[in-house]
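K.L.:
sharing a sequence plus its predicted fold:
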Amino acid sequence: GEDVEQSLFLSVREGDSSVINCTYTDSSSTYLYWYKQEPGAGLQLLTYIFSNMDMKQDQRLTVLLNKKDKHLSLRIADTQTGDSAIYFCAVDDKIIFGKGTRLHILP
Amino acid sequence: DTGVSQNPRHKITKRGQNVTFRCDPISEHNRLYWYRQTLGQGPEFLTYFQNEAQLEKSRLLSDRFSAERPKGSFSTLEIQRTEQGDSAMYLCASSLARGADTQYFGPGTRLTVL
């Protein structure tokens, strides 16, 4: 079945860019998503990308998709303390989630 | 607030008891999903409904689990004879099932089985 892999932790200084990476196995994935989960809260959809796109930008967020390598990334520009959360990469409609990357912001 | 709501937010029960959770989706959404999330893991798909029809069930959904969406609006998830391994956050999401099928998640119900 589908497998989605992410690194578990990322530490970034406030003001720097954060890049969270994800790899997946199912090349037929149509939509790929990034969700954010803050402590004790549900998941918040940040952005998604259709599989025929290479890049999508939405304010501070940039999503890059490399279909050949089955690699998805989320770049957060000018990282703020409010960006501290767990970020989940997910693919397709029954949404297969990765284990999440915990983003820690250093002062 | 017109988001997805779930009740209760927390449930503590003793092993062997039955529990039922409720999810109220965004009103015009025709799809409703249930997921389970344990500590340090991403959410795992359990089942989903298109209107009142349950279209898919994960093999994670044992015979002790049953979900309903009788009128195509709210949904309930029941766990019978709870086990300690059922302790988790149960998440509900709803969507319009168009295009990107963007799912909107509720806050979850945290179940603790003692």
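P.N.:
Arrived safely, thanks for sending. Residues are numbered from 1 along each chain as shown, chains lettered A, B, ... in the order given.

K.L.:
what helix or strand is the residue at minimal distance from the centre of chain B on?
P.N.:
Centroid-nearest residue in chain B: B:Trp34, 3.3 Å away (criterion: C-alpha atoms, centre = their mean). Per DSSP states H and E, B:Trp34 falls inside strand B:31-37.

K.L.:
and the following helix or strand past that strand, which strands flank it?
P.N.:
Where DSSP H and E defines the elements, the next helix or strand beyond strand B:31-37 is strand B:44-50. Strands that pair with strand B:44-50, judged by DSSP bridges, come out as strand B:31-37 (antiparallel), strand B:53-57 (antiparallel).

K.L.:
which of these comes out lowest on mean pLDDT?
P.N.:
Between these, the one with the least mean pLDDT is strand B:53-57; it has a mean of 90.

K.L.:
which residues does whichever residue of chain B sits closest to chain A contact?
P.N.:
For chain B, the residue closest to chain A is B:Gly42, as judged by C-beta to the nearest C-beta, at 3.1 Å. Backbone N, C-alpha and C define where each C-beta goes, glycine included. B:Gly42 makes contact with A:Val4, A:Phe88, A:Ala90, A:Phe97, A:Gly98, A:Lys99, A:Gly100, according to C-beta atoms under 8 Å, 6 or more residues apart in numbering or on different chains.

K.L.:
dump the strand holding B:Trp34 to CSV, restricted to CA.
P.N.:
Taking Å, rounded to 0.1, in the frame of the first residue of the first chain, the C-alpha atoms of strand B:31-37 are listed here in CSV:
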residue,chain,number,x,y,z
ARG,B,31,-18.5,13.2,2.5
LEU,B,32,-17.5,12.3,6.1
TYR,B,33,-14.4,10.5,7.2
TRP,B,34,-13.2,9.0,10.4
TYR,B,35,-9.5,8.7,11.3
ARG,B,36,-7.6,7.5,14.4
GLN,B,37,-4.4,9.1,15.6
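
K.L.:
which one of the contacts of B:Gly42 is nearest chain B?
P.N.:
The closest of the contacts of B:Gly42, once distances to chain B are taken by C-beta to the nearest C-beta, is A:Phe97, at 3.1 Å.

K.L.:
wait, the residue nearest to the centre of chain B sits on B:Tyr48?
P.N.:
Yes - at 7.2 Å, B:Trp34 counts as touching B:Tyr48 under the criterion of C-beta atoms under 8 Å.
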